[in-house]
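In: Here's my sequence, what's the structure:
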Amino acid sequence: MSEKIQKAGAIVLSSNDKNKIALLHRGKQDDWSFPKGHVDSGENAIQTMTREIKEETGLTTSVVKTLPDLEYVHSDGSLVSTKMFLVKSKDDSELKLEFESDDVQWILKDEVIKKLTYDNLKDYFKTILPIVNEVIVSL
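Out: Numbers count the residues shown, from 1 in each chain. As a prediction, the model looks like this:
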């Protein structure tokens, strides 16, 4: 069994409309996903998640809540464990793409499942949606 790949990522709530979530379209992979990435040596999950969001979307965020881990088997057979967080954008106008072929869109939370490319992300979002809804009410 190969070693677990450690990642960190987030569900990013808009600062302008708490019912909207940032989804990342990666042009190279032609998929819709949440901002996430590999944990670098010496980083903790929050540092990784913060760096990845900044790199992929340009956004500065603050952590609202720690979410359950997202675990899945990658197409190459390796097990991926992603520490996930619910975060809020500090300023939606900071949006800046990492790659020219990428896109970031603010999607209404009720439309997110339709937009996501992968079933494991859709299933994960369905699972955590009650948590997201609960947090949004309190914001």
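In: What are the buried residues along the helix or strand bottoming out on mean pLDDT in the chain?
Out: In the chain, no helix or strand scores lower on mean pLDDT, DSSP states H and E than strand 70-73, which sits at a mean of 93. By neighbour count with 16 or more other Cβ atoms under 10 Å, strand 70-73 contains the buried residues 70, 72. All C-beta spots, glycine's among them, are computed from the backbone N, C-alpha and C.
In: got a list of contacts for that strand?
Out: With Cβ atoms under 8 Å, 6 or more residues apart in numbering as the test, strand 70-73 has contacts from 9, 79, 80, 81, 82, 84, 120, 121, 124.
In: one more time with 7 Å
Out: 79, 80, 81, 82, 84, 120, 124 (Cβ atoms under 7 Å, 6 or more residues apart in numbering).
In: just stretch 35-42 next, same as before
Out: Contacts of stretch 35-42 (Cβ under 7 Å, 6+ apart): 6-10, 12, 24, 45, 48, 52-53, 56-57, 82.
In: the longest strand in this protein is where?
Out: strand 79-89 (DSSP state E).
In: Tell me which other helices or strands that strand touches.
Out: strand 5-13, strand 61-66, strand 70-73 (3 or more Cβ pairs under 7 Å, 6 or more residues apart in numbering; DSSP states H and E).
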